[in-house]
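Need the 3D shape of this:
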Amino acid sequence: MEKLQLIATSPMGLEAIVARELKDLGYEDVQVENGRVNFTGGLADICRTNLWLRTSDRVLVKMAEYPARTFEELFEGTKAVNWADWIPEDGEFPVNGRSQKSQLTSVP
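Next up is the predicted model:
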């Protein structure tokens with residue numbers, strides 16, 4: 001099973017509780033950050049943790065990480081992700097922008 005980098009989002013102040021819930025579910029590689037808890041798992045773990053975590057908002061897949069000091073760098077980095085592995089040619093997906101501690105001043 002391929003391991004994915006997963007993120008359990010959390011309201012501020014509840015990250016430690018989310019981390020404890022993940023550990024109780026058997027996940028060992030848990031890293032706590034502001035508003036999120038990072039861990040690894042497979043495709044089935046996305047469903048499992050979305051169902052069983054009580055204090056997490058949702059579980060996301062970390063698709064890529066790269067520096068983006070401009071919107072051009074952000075768009076180019078996003079285009080470089082191999083989306084065909086995740087979304088069929090006729091597929092669609094919604095995009096919601098959020099910015100946290102970013103040099104970019106707006107999220108279009």
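
now the helices for the protein?
Secondary structure of the chain, counting by DSSP state H: helices at 15-24, 43-52, 71-80.

Let's have those in JSON lines, adding distance to Lys62 and mean neighbour count.
No exception for glycine: its C-beta is placed from N, CA and C like everyone else's. Compiled in JSON lines, those are given as follows (distance: least, Cβ to Cβ, whole Å; neighbours: other Cβ atoms under 10 Å):
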{"stretch": "helix 15-24", "distance to Lys62": "15", "mean neighbour count": "18"}
{"stretch": "helix 43-52", "distance to Lys62": "12", "mean neighbour count": "14"}
{"stretch": "helix 71-80", "distance to Lys62": "13", "mean neighbour count": "12"}
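
Quickly, which of these bottoms out on average pLDDT?
Note on the helices of the chain: lowest mean pLDDT is at helix 71-80, with a mean of 90.

for the helices of the chain, which one sits closest to Asn34?
helix 15-24 (7.1 Å; Cβ to Cβ).

which regions of the protein sit below the pLDDT cut-off?
Per-residue confidence of the chain (counting by pLDDT under 70) places the weak regions at 1, 97-100, 105-108.

Adding distance to Arg58, write the helices of the chain out as CSV.
As requested, those are exported to CSV (distance: least, Cβ to Cβ, whole Å):
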stretch, distance to Arg58
helix 15-24, 11
helix 43-52, 6
helix 71-80, 20
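
can you tell me which of the ones you listed comes nearest to Trp86?
Minimum separation from Trp86 across the helices of the chain (Cβ to Cβ) falls at helix 43-52, 10.7 Å.

so what does the closest one touch, helix or strand wise?
Judged by 3 or more Cβ pairs under 8 Å, 6 or more residues apart in numbering; DSSP states H and E, the packing partners of helix 43-52 are strand 4-9, strand 59-61.
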